[in-house]
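Enquirer: Need coordinates for the following:
(one chain, ligands or ions: 1)
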Amino acid sequence: MISFHNIWKVYGKHAPALEDVSLKIEDGEFVSIVGRSGAGKSTLIKMLIGEEKPTKGRIVVGDYEVNKLKPKELPNFRRNIGIVFQDFKLIQTKNVYENIAFALEVEGRPQKEINDLVPRVLEMVGLTDKRYNFINELSGGEKQRVAIARAVIHHPSVMIADEPTGNLDDVNTAEIIRLILKINELGTTVILATHNRGVVDGLHRRVVSISAGKIASDEKKGKYIVF
Ligand code: ADP
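Expert: Residues are numbered from 1 along each chain as shown. Presented below is the predicted three-dimensional model:
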């Protein structure tokens, strides 16, 4: 379970980026967070992964009280979370296989385990044929599939996708959303942040909308409604 308890975030002397946000997400849920650019989606995600601390409030992810984690405790906590960004954040000098394997190598996993896990995740994201391609030899949709493979190779309990389709055309967007749905169906809690409501329309999953740092609506299933 993930819970935000009365979260406030104020950057410097600006108006609050988040204002008394409370939200509970059950294990295995697929929750989209929608809102215009500047609404506070990325701030919410940064709090969730411990990259920023709330000005006030508590964030609990499973057994962790994230707002209280010390920098040295963060890597261990983040092992439970797979994160995907709009700009992919892939390593250009490595091929597809190496980009994914690297996520395990940095944790010191045995080579035998890496040799076993990488082909399986490549198969799941449909990139077996492109495993030796370098990143600049891939389409945007393929790059995002590599990033997703890298995010889920640890079997995280939560996957966070921050504008994962922001650089993609409609066809690739639909493919990436289908892949994220598949990952959710395999048991991973998914949090998908996007400014593009079209991406989440028709998913028939929970949609939380944020407007100017506050929750404006929380639709359990189906259509996104503007308050
Ligand atoms: P979104 O992800 O929905 O586009 P953000 O969470 O990035 O929104 O931003 C919410 C608000 O907080 C915006 O007004 C933005 O300008 C402000 N903000 C975000 N990060 C910072 C920062 N590091 N310093 C100052 N203001 C920030």
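Enquirer: Give me the contacts around the lowest-mean-pLDDT helix or strand in the chain.
Expert: Least confident element among the helices and strands of the chain, by mean pLDDT, DSSP states H and E: helix 197-200 (a mean of 87). By C-beta atoms under 8 Å, 6 or more residues apart in numbering, the surrounding residues in contact with helix 197-200 are 32, 34, 165, 173, 177, 192, 194, 207, 224. Every C-beta, even on glycine, is put in place using the N, C-alpha and C of the backbone.
Enquirer: let's see it at 10 Å
Expert: 30-36, 163-166, 168, 170, 173-174, 176-177, 192, 194, 206-207, 209, 219, 223-224, 226 (C-beta atoms under 10 Å, 6 or more residues apart in numbering).
Enquirer: what about stretch 67-78, average pLDDT?
Expert: Averaged across stretch 67-78, pLDDT comes to 95.
Enquirer: one step back: just the contacts of helix 197-200 that are near the ligand?
Expert: Gly35 (C-beta under 6 Å from any ligand atom).
Enquirer: For ChimeraX, write the selection for the buried entries among the contacts of helix 197-200.
Expert: Selection of buried members from those for ChimeraX, criterion 16 or more other C-beta atoms under 10 Å:
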select :30,31,32,33,34,35,163,164,165,166,168,173,176,177,192,194,206,207,209,219,224
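Enquirer: Roughly how far does the residue nearest to the spatial centre of the chain sit from Lys56?
Expert: Nearest to the mean C-alpha position of the chain, by C-alpha atoms, centre = their mean, lies Ile160 at 1.5 Å. Distance, Ile160 to Lys56, by C-beta to C-beta, to the nearest Å: 22 Å.
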